[in-house]
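Participant: Sharing a sequence plus its predicted fold:
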Amino acid sequence: MKLIFPYLVTLSSVLAVTLLSPAHAADAPAVSEAAREQFIRNFKRTILNTTPGDAMLLRILVQSSGAKRGVEVGSATGYGAIQMGVGFERNGGHLITVDIDPEMVRATRDNLRKTGLDQTVTVIEGDALKVLPALEGEFDFVFLDAVKRDYLQYLKALEPKLKLGALVVADNVIQSAGQMRDYLDHVQDPARYETVIIRASDEKGDGMAISYKRR
Ligand SMILES: C[S@@+](CC[C@H](N)C(=O)[O-])C[C@H]1O[C@@H](n2cnc3c(N)ncnc32)[C@H](O)[C@@H]1O
């Protein structure tokens, strides 16, 4: 026993040093998957946030399309950004989310930090009509969810940066169809996009347009 005990201490010290070394800590997720999913389940949504069904659909669309670079227009408190962020993290990608309201930006950053997604999702404060034209690089996923009558302007600002096969998702296309007729006509032109309008959840009696960029 006298011989074994020091050996056990040494072995456990080596293991502890290995497990707690800075290199290992850097690789480990800051927030466990279970804790993140619990945070999403208990998220205190406001009237502005997307519904759980819509947010899960966004996550699934990001994951199944393998999207690498996305933009969300209108963050609110980050419920949709977190669900998309999970997908982008799994894809090794990145999401930019834009909101004009400093309080919303603060809340979204806070929620992203709590879910360990603050490296995967960047929050930009500003008017999307000014921020979007200044974004650099290409994008393969867009979620429009700010001022309904401005959807076509948001899309036009992003279109030169959209990859072929990009997905463009727009929220509230049933309840606010009258405010975005120009947008719906644009994405329902089969020469540009293949579009479907779906209802992923009954909570708000609303739906999303999912458009696949053809050319
Ligand atoms: C419906 S909420 C977004 C919900 C969010 N996408 C989610 O998944 O929870 C709309 C947001 O758009 C923001 N917004 C309104 N006008 C804007 C603008 N011109 N530029 C950027 N954001 C804007 C509002 O501050 C609000 O937080």
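Facilitator: Yep, it's here.
Participant: Could you list the residues in contact with the helix or strand hosting Ala55?
Facilitator: Applying DSSP states H and E as the criterion places Ala55 in helix 52-65. With contacts defined as Cβ atoms under 8 Å, 6 or more residues apart in numbering, helix 52-65 is touched by 49-50, 67, 70, 79-80, 82-84, 86-88, 90-91, 93, 140-141, 143, 167, 169, 171, 198, 200-203, 208, 210. Any C-beta I mention is one placed from the backbone N, CA and C, and that applies to glycine too.
Participant: which ones among those residues are found in helices?
Facilitator: Mapping those onto helices (DSSP state H) picks out 79-80, 82-84, 86-88, 90-91.
Participant: ranking those residues by neighbours, who comes first?
Facilitator: Met84 (30 neighbours; other Cβ atoms under 10 Å).
Participant: give me every residue that touches it.
Facilitator: 55, 58-59, 62, 70, 72, 95, 121, 141, 143.
Participant: Ok, Val71 next?
Facilitator: 95-98, 132, 135, 139, 141-143, 158.
Participant: domain parsing for the protein?
Facilitator: Here the domain parsing of the chain from automatic domain parsing is 1-30, 31-213.
Participant: Just name the most buried of these.
Facilitator: Highest mean neighbour count among the domains of the chain (mean count of other Cβ atoms under 10 Å): domain 31-213, with a mean of 18.
Participant: Let me know the average pLDDT across that one.
Facilitator: Average pLDDT, domain 31-213: 97.
Participant: Endpoint to endpoint, it covers what distance?
Facilitator: Domain 31-213 has an end-to-end distance of 35 Å (criterion: Cα to Cα, to the nearest Å).
Participant: cool, and stretch 158-174?
Facilitator: Termini of stretch 158-174 sit 23 Å apart (Cα to Cα).
Participant: touching the ligand at all, it?
Facilitator: No - using Cβ under 6 Å from any ligand atom, stretch 158-174 stays clear of the ligand, with a minimum separation of 6.9 Å.
Participant: Show me which residues of the protein sit near the ligand.
Facilitator: Residues of the chain lying near the ligand (Cβ under 6 Å from any ligand atom): 48-50, 72, 74-76, 79-80, 98-101, 104, 127-129, 145-147.
Participant: Return the closest of the contacts of Met84 with respect to Glu37.
Facilitator: Nearest to Glu37 among those: Arg59, at 11.2 Å, using Cβ to Cβ.
Participant: Leaving aside the residues adjacent along the chain, what's closest to that closest one?
Facilitator: Leaving aside its chain neighbours, Arg59 sits nearest to Gln83 (4.2 Å; criterion: Cβ to Cβ, 6 or more residues apart in numbering).
Participant: What segments of the chain are strands?
Facilitator: Under the criterion DSSP state E, the chain carries strands at the ranges 69-73, 94-99, 121-125, 139-144, 162-171, 193-198, 208-213.
Participant: Minimum distance to Leu184: which of the ones you listed has it?
Facilitator: strand 208-213 (6.8 Å).
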